[in-house]
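**Q** predicted structure and sequence below. I'll ask about it afterward.
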Amino acid sequence: MKATISGALGGLLFGFDTAVIAGAIDALTKLYHLTNFTQGLTVFIAVAGTVVGAMCAGSVGQKIGGRETLRITAVLYVISALGCMLAWNWESLLVFRFLGGLGIGASSVLGPVYITELAPAKWRGRMVGTFQINVVIGILLAYASNFAIRELHLGGWEWRTQLGVAAIPAIAFLILLFGIPRSPRWSVSKDRIDEAMQVLKLMGDPDPKAELVDIQQALRESHAVANEPVFQWKYRYPLFLAISIGAFNQLAGINAILYYLNNIFAAAGFSQMSGDLQAIAIGATNLVFTLLGMTLIDKLGRKTLLLIGAAGDAACLAGVAYVFLTQSHQAALLGLLVVYIAFFAVSQGAVIWVYIGEVFPNVVRNKGQSVGNSSHWIMNAAIALIFPILAAKSGGAPFVFFAGMTVVQFIVVLMFYPETKGQTLEALQRRLVKG
């Protein structure tokens, strides 16, 4: 449990950093005279860091271990938070946001993988889901923190404090990472059999010897070598699943909405303070329905939740598009976004990190998670950069696009996604890897 909590705390920092910029972007725009493009670049640069971090994390994690790599991400979080708070100009702010992005990208890959490899099959969905729960707690804390700091009327230090307060959980994350074990599957891949057995016993596995034999057998079946590449024909199905679910997660518009939530409410006529309060309502909804998703993921299954979420989100996004295109029914905006977040949280939010971690075999899981997360972050980066430009021209156009993409997602999931609930990682390997 301690290992699960420690691995998942990276999600809290991930969520906090994702959402906190929403409260600071207006002050940064005024201070640095940002255009629509440079405003988008200020958000985009952290996401660019996540792409690099996600791409590199799998290989680094496979070489030195997920636990050790997570410690590096914690250091990056601390440097980024303090650097953003003390940034002396716009360019230095971009550098520190990029460093934070590296940490987010790496921890979004390795946190779920670490928990996946330690969790028993029957609880894996809920335990890996703690990462996503921490993400949404981080988002809610960021919105609440933005509101509380604004109430202090700190003037020029307001945005600095909003960005710098993330150093507190980052330091806690770093400390906790020095009290957890290595993944037993990583230990077996490095031929550290005694170490792996010790961790399996520590996890309370009912038959650690049998589990160890199964892990070794799965590694032999995949012809495992230390530098096994993930981009091979036999891994085509897991790669398709990971890349598509990562892309669809962002094509539903979630991070564009979280990054620019205050701007969206302002465009609909809400004040800055009321925008902050409504952001808290959305963050709270996100948390409640993510918790609901965690209770359902091992019962209803991953595929069913994805289908429910895609259908609900498509309807809500169409409603948001209608509000902006017709410039009417603005009072419905909060309700539409709350219901949208509810559908997203109970489905894609709860499923994505669990699913990507499940579909790859042990020997390339870190690298496979890296591929899926890179797809997620590359799409996120593109949307973060383009959204404010498109929204300035037509407030409804981005939401029409997002609604269309969720319809496409529903069709793809229905036709091509397998159910993975209740199966061991080794059983999934034999089912999904095509020789």
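**A** Received, thanks.
**Q** which non-adjacent residue is nearest Ala397?
**A** Nearest in space to Ala397, with sequence neighbours left out and distances taken as Cβ to Cβ, 6 or more residues apart in numbering, is Leu390 at 5.5 Å. C-beta: built from backbone N, CA, C; applies to glycine.
**Q** surely that neighbour and Phe399 touch.
**A** No: between Leu390 and Phe399 there is no contact under Cβ atoms under 8 Å: 10.0 Å.
**Q** one step back: flag every buried residue along whichever strand or helix holds the residue nearest to Ala397.
**A** Here Leu390 sits within helix 365-393, counting by DSSP states H and E. Using 16 or more other Cβ atoms under 10 Å as the test for burial, helix 365-393 gives 365-381, 383-385, 387-388, 390-391.
**Q** any idea how far whichever helix or strand comes after it is from the chain center?
**A** Using DSSP H and E, the next helix or strand after helix 365-393 towards the C-terminus is helix 397-416. Chain-centre distance of helix 397-416: 19 Å, with Cα atoms, centre = their mean, to the nearest Å.
**Q** average pLDDT for helix 397-416?
**A** Across helix 397-416, pLDDT averages out at 94.
**Q** on that earlier part again, what mean pLDDT does the helix holding Leu390 get?
**A** In the prediction, helix 365-393 has an average pLDDT of 81.
**Q** specify the angle between that helix and helix 397-416 in degrees.
**A** For helix 365-393 against helix 397-416, the angle between stretch directions is 150 degrees (axes from the mean of the first three to the mean of the last three Cα atoms, to 10 degrees).
**Q** so what does helix 365-393 touch, helix or strand wise?
**A** With contacts taken as 3 or more Cβ pairs under 8 Å, 6 or more residues apart in numbering; DSSP states H and E, helix 365-393 sits against helix 36-64, helix 90-118, helix 236-251, helix 254-259, helix 261-267, helix 350-359, helix 397-416.
**Q** nearest to Leu212, of these?
**A** Of all the helices and strands packed on helix 365-393, helix 90-118 sits nearest to Leu212, with 13.1 Å by Cβ to Cβ.
**Q** give the next helix or strand downstream of the closest one.
**A** Beyond helix 90-118 toward the C-terminal end (DSSP H and E), the next one is helix 124-151.
**Q** and the helix or strand just after that next one, what other elements does it pack with?
**A** Sequence-wise, the next helix or strand downstream of helix 124-151 (DSSP H and E) is helix 158-164. On a contact count with 3+ Cβ pairs under 8 Å, 6+ apart, helix 158-164 meets helix 2-31, helix 66-85, helix 124-151.
**Q** alpha carbons of helix 158-164, as PDB, please.
**A** The C-alpha trace of helix 158-164 is given here as PDB (Å, rounded to 0.1, in the frame of the first residue of the first chain):
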ATOM      1  CA  GLU A 158       0.000  36.200  -6.600                       C
ATOM      2  CA  TRP A 159       0.800  34.200  -9.700                       C
ATOM      3  CA  ARG A 160       4.300  33.300  -8.400                       C
ATOM      4  CA  THR A 161       2.800  31.900  -5.200                       C
ATOM      5  CA  GLN A 162       0.200  30.000  -7.300                       C
ATOM      6  CA  LEU A 163       3.000  28.300  -9.300                       C
ATOM      7  CA  GLY A 164       5.500  27.900  -6.400                       C
END
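**Q** Ala311 and Phe410 touch, don't they?
**A** Yes: using Cβ under 8 Å, Ala311 makes contact with Phe410 at a distance of 5.9 Å.
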